[in-house]
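>>> Predicted model and sequence below, questions to follow.
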Amino acid sequence: MQRLYDFIRRHPTGVDGFWAVFLLGISGMTIVAGGAGRGGGERFAVVPVVVGLSVVVALRRRAPEKMLLLAIAMGVAQLIFGVRPTTANFAMLVITFTVATVGERWASRLALTCSLCAAGLSQLRWPNQDPGSWAQKLFIVIVMTVPFVLAWVLGDSMRTRRAYFDQLEERAARLEREREAQSKVAVAAERARIARELHDVVAHNVSVMVVQADGAAYVMEAAPDQARQALETISSTGRQALAEMRRLLGVLRTGDARESGEYVPQPDVQQIEDLVDQVVQSGLAVDFKIEGTPRPLPSGVELTAYRIVQEALTNTRKHGGPNAGASVRLVYFDDGLGLLVEDDGRGAAHELYEDGGADGAGHGMIGMRERVGMVGGTLDAGPRPGGGFRISALLPLKPAN
C-alpha cells in the first residue's frame, strides 16, 4: 500500500490523466444515452466541451491557472450552445479546489466568483429544466453552490496549512543556520580564551624558570644552597605550569580532566598573594597590599584580576632590568575592584603595549585588554613619569551567583 501511495505522489499527472480518461468515458456514455434528445447546436458542441473538461482534470496540477480559464471557456460554451450539464462538469469542482490550493491568488478569487455564479446561470439558461416556485429554484441554486464553496474553502485551508508548514521549515532552517553560526563564534571565542590562558601560563612560569635557571647556574659553585633552592623553585613552577595546562587542555577533551582527578580550579584573587610570593622567590622585590573589604567576586572578574597581575609582573621581569622593584595594589570599591601594578624598572618600548604591537608583539597586553573588556572593565597601561611602567584596571563588581 505504501508503494502505491509513493507511486501516486511521484506521478501526479499520470493519476490525473487516469481520472480524466475515466471522466471522459462516463461522460461519453451519458452523451450516447441522451443523444436523441439534444438539439443541433448542443449535439455539435457537447463533444468538444466534454473533451475540454477532461483536459482540465488531466492538467490541473501542471497548469492550474490555464486550466481554470479553459474550464470557464467550456462553461461559457455550454451557456452559448445550450449544452446541458453532464458528468464532465465535475471538472469545474475539481479545478476550483486545485486553484484554491496551489494556484495564484487572482485565480483563486476568480474560481470562487465563478463558483458562486455557476448555479444561478444554469437556472437562468435552462429555466424549464426544474419546474417549480422561485423558492424551490433558489433552494436548488444554493444546494448546487454549496459543493463549489466547500471545495474552495477546503483548498484555501490546505493552502494556508502548506504555507504554515513552509514557514516552520524555513524557520527551522534559519535557526539551524544561526545555531551553526553561534557554534562557530563560540568555538572561536573558546580558542581565543585558551590561547590567552596558555600565553599567561607559559609566559609567566617559563619566565620564572629561566630566571631561576640562570641564577642557579651563576651560583652553582659559590653557593650550592642557593642553587638548590633555585632548582626547587624551578621544579615547583614547572609542576604548577603543567597543572594549569592540563586544566586548559582538559577543556578540549570532555571529562578527561575531571575523571582523572587532575582538574585544577581557575586562579582567583586569593591566589594573587601566592603569585606574588612566587615572584619574590624568583628575585623580584614586590610590595603587595589589599585595601578595602574583600568580598565574593564573579569568577570571570577573579580570573581577570589574577591574569592582569601575572602578566604585569612577568613583563617587569622581562623588561624591568636589574634591581627593578614592583608594587601591587588591590582596592575594593563599592562597585568595582581596582588593580594597580607599578614597577621602577626601565620598562619596554611603549609600542609593545599597544594593540597589535609595532612589530607584531605585545600579545600579553592584547590579552589583558580582551579580558578586561569581557567583564566590562577599563584598562590603562603606559610608562610612569620618572621611569618604570604602570598598569591600572577597574573591574566592575556584581553579586556572585
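Received it, and whenever you're ready, just let me know what you need.
>>> Enumerate the helices of the stretch 101-250 of the chain by residue range, in sequence order.
Taking DSSP state H, counting those that start in this stretch as the test, the helices found in the stretch 101-250 of the chain are 105-125, 134-219, 224-250.
>>> Turn those into a markdown table, columns for distance to H11.
All C-beta spots, glycine's among them, are computed from the backbone N, C-alpha and C. A markdown table is the format used below for these (distance: least, Cβ to Cβ, whole Å):
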| stretch | distance to H11 |
| --- | --- |
| helix 105-125 | 24 |
| helix 134-219 | 20 |
| helix 224-250 | 58 |
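>>> So which of those helices is nearest M1?
helix 134-219 (22.8 Å; Cβ to Cβ).
>>> which strands and helices sit next to the closest one?
Helices and strands touching helix 134-219, by 3 or more Cβ pairs under 8 Å, 6 or more residues apart in numbering; DSSP states H and E, are helix 90-102, helix 105-125, helix 224-250, helix 299-319, helix 363-374.
>>> quick revisit: dump the helices of the stretch 101-250 of the chain into JSON lines; add mean neighbour count, mean pLDDT and distance to V328 as well.
Formatted as JSON lines, the helices of the stretch 101-250 of the chain follow (neighbours: other Cβ atoms under 10 Å; pLDDT from 0 to 100; distance: least, Cβ to Cβ, whole Å):
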{"stretch": "helix 105-125", "mean neighbour count": "17", "mean pLDDT": "89", "distance to V328": "73"}
{"stretch": "helix 134-219", "mean neighbour count": "14", "mean pLDDT": "81", "distance to V328": "14"}
{"stretch": "helix 224-250", "mean neighbour count": "16", "mean pLDDT": "72", "distance to V328": "19"}
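>>> Of all those, which one is nearest V46?
Of all the helices of the stretch 101-250 of the chain, helix 105-125 comes closest under Cβ to Cβ, at 14.6 Å.
>>> report the angle between the axes of the closest one and helix 90-102?
Interaxial angle, helix 105-125 versus helix 90-102 (axes from the mean of the first three to the mean of the last three Cα atoms, to 10 degrees): 160 degrees.
>>> What lies in contact with helix 105-125?
64-65, 68, 72, 75, 79, 82, 85, 92, 95-96, 99-100, 103, 129-130, 137, 140-142, 144-145, 148-149, 151-152, 155-156, 159 (Cβ atoms under 8 Å, 6 or more residues apart in numbering).
>>> measure the closest residue to M158 other than its chain neighbours to A107 for me?
Leaving aside its sequence neighbours, M158 sits nearest to T101 (Cβ to Cβ, 6 or more residues apart in numbering; 4.9 Å). In this view, T101 and A107 are 11 Å apart by Cβ to Cβ, to the nearest Å.
>>> Contact partners for L93?
By Cβ under 8 Å, 6+ apart, the contact set of L93 is P147, F148, A151.
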